[in-house]
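Chemist: All I have is the shape, not the residue letters:
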């Protein structure tokens, strides 16, 4: 039930969330190392992550897949390919699919806690305010159907992004 799932927003590093069962990688289609979140997660997890990702790639925008977390302090990494803004269409729906598919996958893996970065807001060009609204609606729309998840945390790189997501999610400061 949604009233059993706690929502949080923190400013921080997605690779340093030791109290979470899993974190979400804002992945590229080939699930390889890159810049931004994907690069940070691959560097922190180590080379075994790229090896584990190979048979799962390529993925499509909105899709989510899961691997072990290897060198990260979590059990699992859920990899999502967010849409490139105004290129992968409909961008809003594909971004919502990322959040919803990641949440459902985490729940099916019987994970109790999951951390998200701001998917598609970096190199993929999604405006932060719009992405936060899409994320909030997507997260709220599936919470009542989750059985295992008890904590969903947005881990944002900047204080400004944290404020935007906190407001969109309706989390008091």
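Modeler: Ah, there it is. Small disclaimer: the values here were computed from a predicted structure and weren't measured.

Chemist: all helices in the protein, in order from the N-terminus.
Modeler: Per DSSP state H, the chain carries helices over the ranges 36-45, 47-53, 91-108, 128-142, 159-169.

Chemist: Now mean pLDDT, mean neighbour count and distance to residue 9 too, for the ones you listed, in a markdown table please.
Modeler: Placement of C-beta: from N, CA and C, glycine included. Formatted as a markdown table, these follow (pLDDT from 0 to 100; neighbours: other C-beta atoms under 10 Å; distance: least, C-beta to C-beta, whole Å):
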| stretch | mean pLDDT | mean neighbour count | distance to residue 9 |
| --- | --- | --- | --- |
| helix 36-45 | 96 | 20 | 16 |
| helix 47-53 | 97 | 17 | 26 |
| helix 91-108 | 98 | 21 | 14 |
| helix 128-142 | 98 | 19 | 10 |
| helix 159-169 | 97 | 19 | 4 |
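
Chemist: of these, which approaches residue 72 most closely?
Modeler: Among those, helix 36-45 comes nearest to residue 72, with 5.0 Å by C-beta to C-beta.

Chemist: Show residues contacting that closest one.
Modeler: 13-15, 23, 25-28, 32-34, 49-50, 69-72, 77, 117, 122-123 (C-beta atoms under 8 Å, 6 or more residues apart in numbering).
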